[in-house]
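Student: here's my sequence, what's the structure:
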Amino acid sequence: MTTTISIATHKGGAGKTVTAMALSAALARAGYPTLLLDLDPQGHCTLGLGVRLENHSPTLRDIFTDPPVPVASVIRETHIPSLHIIPSNIRLERMAHAIYSRPKREELLKKTLQPVAKNYRFLIADCPPSLGALTENAIAAADLVVIPCQMEARAADALVDLLELIHIIKGKGFTDWRILITRFDSRKSLTNQAIGEALAQWQDHHFKTVIPQSESINQAQIAQTDIFSFNGTSKGAQAYQTLSLEEVLPYGIK
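Tutor: From the prediction side, this is the model:
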C-alpha cells in the first residue's frame, strides 16, 4: 500500500518545503521507501537536497508533457538511502499554465505516478505556494493533506481558501487534512494566543506536534541537506522526528 501525503499552503514562509523535506527524510531514515515530488517551480526541495540538474535533465515538468516522459526516467536518488526525488526547476512554471487546458487536469499527477507508486511506501508532494493546477493535482492524489501554518496574522484566512479548494476537489466528506503549526516562537505569547483562537475552530484537525522556530532548519537549507543530516539533535529535527513517527507514520500504515 502506498500513502500519498501532500504538503500544501499558498501562504509563503510557513515552512511548506522544509516540512516536505523533513517528513520525507524521517520516513526514509526509518526504512520506508519514499518518493519526494517537487511540484514547486522554484525547485526548493531539489536544491535543498543538493540534487544537481544539467540543462537537459528530465524534471517533473516532463511527466506532464503529451505524451509524458516515463516517470521512472525522471526519478533521482538523494544522499539519503530509501529517499528518491522527482526534481523540479523553473521550466515547470510554463507547464503549470498549460495544464489548465487539459481534460481532467487534476488527475494527471495521480495517473502518471501509477507505474512507480507501488515501489514506494510514501509519496510526499511539496506543492507550490499557490492554489493553481499543480496544487490541485497534489490534493487530488493525496490520502492526507498536511497544511503548515505559521502563527501570524491572516493565517486563518489563508486556511479558509485552501480548505475550500480541498473540498471542491475531494468533496466535503474528505476529512484527512491536518494543520501543522510551524516556526512557533513561544516568546510571542500575545500573538500566539490571538492566532490560536482564530484557528481553534479546526482544533480537531491539528497535529499535536508543534514545530519550533529553529535556526538549524534554516542552516540546513543553506547547506543543501536535510535537517537530520545537518543537526539531528536540534529542536527542529526532534520535532519533525516526533511528527513523522508518532503521527504521520501511524496514519500511513493503519
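
Student: list the contacts of R61.
Tutor: R61 sits next to 88-89, 91-92, 95 when contact means Cβ atoms under 8 Å, 6 or more residues apart in numbering. Every residue, glycine included, has its C-beta placed from N, CA and C.

Student: again, only this time at 6 Å
Tutor: 91-92, 95 (Cβ atoms under 6 Å, 6 or more residues apart in numbering).

Student: list the buried ones in stretch 37-52?
Tutor: 37-49, 51 (16 or more other Cβ atoms under 10 Å).

Student: low-confidence ranges in the stretch 151-254 of the chain?
Tutor: 151-155, 184-186, 188-192, 194-195, 198, 254 (pLDDT under 70).

Student: and the strands in it?
Tutor: 177-182 (DSSP state E, counting those that start in this stretch).

Student: now R91: closest residue in space that isn't a chain neighbour?
Tutor: Among residues not flanking R91 along the chain, R61 sits closest, at 4.9 Å (Cβ to Cβ, 6 or more residues apart in numbering).

Student: ok, back up a step: got TSV for the buried residues of stretch 37-52, with pLDDT too?
Tutor: Below are the buried residues of stretch 37-52 laid out as TSV (pLDDT from 0 to 100):
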residue	pLDDT
L37	98
D38	96
L39	95
D40	93
P41	91
Q42	91
G43	92
H44	92
C45	95
T46	95
L47	93
G48	93
L49	94
V51	94
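
Student: mind listing which of these are in strands?
Tutor: With DSSP state E as the criterion, strands contain 37-38 from among the buried residues of stretch 37-52.

Student: give the buried residues for the longest helix seen in the chain.
Tutor: If you go by DSSP state H, the chain has its longest helix at helix 155-170. For helix 155-170, the neighbour count (16+ other Cβ under 10 Å) marks 155, 158-159, 162-163, 165-166, 169-170 as buried.
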